[in-house]
Structures are given as C-alpha cells and as structure tokens.
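**Q** Structure here, sequence nowhere to be found:
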C-alpha cells in the first residue's frame, strides 16, 4: 500500500515538473499579441575609467535592407513560436550597454566621444537539451566633432544554459558578458580615456 502511494506521488510530482517546465517555456516563447516585458539590471563586477556618451544602436536583422527583415522587437530563436519583447531589441541592448558602462564607473555624459553599436545577431537556439545564446555586436567609438573612428570591434558572446533555466536571467547575463568583453579590450579603454 505504501508503494502505491509513493508511485502516485511520483507521478504527481512528475506531472507537476512537466507542467512547470511547460509554463516556463511558454514564458520564453511569446506570441505576437503579448510581448514579454524585460527589465535589465546591470551586474558587472568590473570597474573602468573613462568617459563617453552612448548613441543609438541598430538591430541589423530588423532593417528593411535585410533579405527577410524580422520585427524590431523579435529575438530570433530556433524553436516554434517567437520571442517578442516589450520594446525594440536595439533599445533594450543600447540601454543595457549604457547601464553596464555607467555601473562599472565610466562617465556616460561626454559628448566628445560617442559609442554606437550594430547588433549583428541575437539568437536563442533552444532545440536540443540546452539553450545556446549568441549575441554579436559591432561597437564603434567616434570623435563627435570630426567623425573619426577611435575604436571599432565586433564582440561575439556565445554561451550555453540549461533548457529550463531562468530565461530572463540568461538574457541579461548574455548582454552583460558582451559588454564585459568590450571592457576587457585595451583598445576600447584607451579610446575612452
């Protein structure tokens, strides 16, 4: 009799895990009528000096010149469904970069040096047993008066997370790691000093 209760309990627990996993997956995979609200919080433990201002970013996969442009608030993914967020991807990433730079100690009010970015790829590959995240951004720092490029580099972040990990935390961590690779570049720190 105890064995039967244990088996029933295990089935119920298994069903609860499957239901919880399905709910989490449905949170990540939105639909066109319900964009997912994303709140970004800076979290880098690095420190840096220098000053710049942060200009607008571009999200290349959404631009009309692209063969198959995607909506500006869509993060591409490989699963069925779409990951639509509550604002344009270029705005989310630009604001996150601004927040991280300010958080680590960079002054973000210098009108002489301007950082801009082109988001070349933002992809969530969630087919299989894990989730592969890719974020590739071309960063450019230019002199505002002469338009001379002081720094230019593409930073590519690729990482794996568990299938049903916190998707919002993973998204924030992916952006943070990309900004940290920018901060680790001595040419960038020299350009903003």
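**A** That came in fine, so what should we check first? All figures in this text were calculated on a predicted structure; none of them were measured in a lab.
**Q** Next, the distance between the ends of stretch 50-64.
**A** 35 Å (C-alpha to C-alpha, to the nearest Å).
**Q** nope, stretch 39-47 is what I meant
**A** Span of stretch 39-47 from end to end, C-alpha to C-alpha: 22 Å.
**Q** And for that stretch, what's in contact with it?
**A** Stretch 39-47 is contacted from outside by 92, 95-96, 99-100, 102-105, 168, 172-173, 175-176, 179-180, 183-184, using C-beta atoms under 8 Å, 6 or more residues apart in numbering. C-beta here means a position set from N, CA and C on the backbone, and glycine is covered the same way.
**Q** now with 7 Å?
**A** Outside stretch 39-47, the residues that touch it by C-beta atoms under 7 Å, 6 or more residues apart in numbering are 92, 95-96, 99-100, 103-105, 172, 175-176, 179-180, 183.
**Q** Generate a ChimeraX selection restricted to the buried entries among these.
**A** Selection command for ChimeraX covering only the buried members of the contacts of stretch 39-47, criterion 16 or more other C-beta atoms under 10 Å:
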select :92,96,99,100,103,104,172,175,176,179,180,183
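**Q** can you redo the contacts of stretch 39-47 as TSV with distance to residue 67?
**A** Below are those laid out as TSV (distance: C-beta to C-beta, whole Å):
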residue	distance to residue 67
92	24
95	28
96	27
99	33
100	32
103	37
104	37
105	41
172	30
175	26
176	31
179	29
180	32
183	33
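**Q** Need the max-distance pair from the contacts of stretch 39-47.
**A** The span of the contacts of stretch 39-47, defined through C-beta to C-beta, is set by 92 and 105 at 22.5 Å.
**Q** hang on, the earlier thing: which one of the contacts of stretch 39-47 is nearest residue 154?
**A** residue 179 (13.7 Å).
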